[in-house]
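# What follows is a protein structure lacking sequence information:
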């Protein structure tokens with residue numbers, strides 16, 4: 001709880017990942033991705049409840065084994081790869097308010113696919129949404145200028161190159177490019193109004209929290225190996 005606002009933390013983990021089957025229970029240093037998300041959440045005293053939202057029995061069992069509350073099974077109609085975050089969060093909020101017979105004012109989403117997060121950044125997001133009276137806060141990372149849209153190209157069926165955006169032909173030096181940011185999945189937090197009434201994860205007043213540390217989103221087995229490397233590197237640096 002922050003001031004008088006109750007915080008519900010939702011760890012979404014569907015079973016239908018195509019890149020890595022059952023991706024959310026793959027392990028880094030012996031801990032599954034959902035367990036790593038829960039460990040981070042447990043370090044944050046402002047969180048009142050941590051739950052796992054999944055449609056998969058194997059993932060649900062892993063959650064229960066690791067002490068993560070799994071009070072419901074996500075229904076099939078909101079379990080496919082075309083289901084949006086807002087549908088998952090709205091369902092989780094509705095279920096938990098009914099189960100707990102209470103009202104949650106802030107909903108925090110921690111995606112298991114961002115295992116390099118730290119609790120300090122997540123906690124800062126909770127305080128930011130409350131202090132600045134925002135509808136939502138997303139964590140972001142600064143995008144490398146090499147990936148700027150004005151530097152991207154299109155290759156057609158005849159192997160002909162063209163700029164993705166015609167303005168790209170006018171860019172000579174990277175200093176001419178504006179700074180861009182991408183969401184890194186470390187944390188999303190929303191007010192109840194944003195989820196229930198606005199029905200969007202980008203509310204009317206959405207703030208960004210810049211995470212400066214290296215982050216990775218798990219989409220492949222190579223990503224798992226890279227994440228493990230960085231986690232171990234951080235541990236070794238902490239020992240020095």
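Right, received. Where do you want to start? Since the structure is predicted, the reported quantities are computational estimates derived from the model, not experimental observations.
# Centre-most residue in the protein?
residue 185 (2.9 Å; CA atoms, centre = their mean).
# And the longest helix seen in the chain, what's buried?
Secondary structure of the chain per DSSP state H: the longest helix is helix 221-239. By 16 or more other CB atoms under 10 Å, the buried positions in helix 221-239 come out as 223, 224, 227, 230, 231. Where C-beta positions appear, they are placed from N, C-alpha and C, glycine not excepted.
# Confirm that the residue nearest to the centre of the chain sits in a strand.
Yes: counting by DSSP: H, G, I helix; E, B strand; the rest coil, residue 185 is part of a strand.
# Check the gap between it and residue 52 for me.
Counting by CB to CB, to the nearest Å, the gap from residue 185 to residue 52 is 16 Å.
# Same check on residue 109?
12 Å.
# any residues in contact with both of those two?
residue 11 (CB atoms under 8 Å, 6 or more residues apart in numbering).
# more neighbours, these two?
Neighbours per residue (other CB atoms under 10 Å) separate residue 109 from residue 52, with residue 52 holding more: 27 against 22.
# Now stretch 66-85: average pLDDT?
Stretch 66-85 carries an average pLDDT of 91.
# typo on my end, stretch 10-29
Averaged across stretch 10-29, the pLDDT comes to 91.
# Can you convert the buried residues of helix 221-239 into CSV and add a column each for distance to residue 73 and pLDDT?
As requested, the buried residues of helix 221-239 are exported to CSV (distance: CB to CB, whole Å; pLDDT from 0 to 100):
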residue, distance to residue 73, pLDDT
223, 27, 95
224, 26, 95
227, 28, 96
230, 33, 94
231, 30, 93
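# how near is residue 204 to residue 115?
31 Å.
# buried ones in stretch 2-12?
Buried residues in stretch 2-12, counted by 16+ other CB under 10 Å: 2, 5, 6, 7, 8, 9, 10, 11, 12.
# Surely the residue nearest to the centre of the chain and residue 218 touch.
No: applying CB atoms under 8 Å as the test, residue 185 and residue 218 come out as separate, 9.2 Å apart.
# what do these two both touch?
Common neighbours of residue 185 and residue 218 (CB under 8 Å, 6+ apart) are 113, 114.
# Who has more neighbours out of residue 204 and residue 115?
Neighbours per residue (other CB under 10 Å) separate residue 204 from residue 115, with residue 115 holding more: 30 against 11.
# quick one, strands of this protein?
Assigned by DSSP state E, the chain shows strands spanning 7-12, 27-28, 31-32, 49-53, 106-109, 136-142, 153-155, 161-163, 181-191, 206-210.
# out of those, nearest to residue 123?
Residue 123 lies closest to strand 181-191 among those, at 9.1 Å (CB to CB).
# Now do the closest one: which elements does it pack against?
If contacts are counted by 3 or more CB pairs under 8 Å, 6 or more residues apart in numbering; DSSP states H and E, strand 181-191 sits against strand 106-109, helix 119-131, strand 136-142, strand 206-210.
# Distance to residue 64 for the buried residues of helix 221-239 - can I get that in JSON lines?
Putting those into JSON lines (distance: CB to CB, whole Å) gives the following:
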{"residue": "223", "distance to residue 64": "26"}
{"residue": "224", "distance to residue 64": "23"}
{"residue": "227", "distance to residue 64": "24"}
{"residue": "230", "distance to residue 64": "29"}
{"residue": "231", "distance to residue 64": "24"}
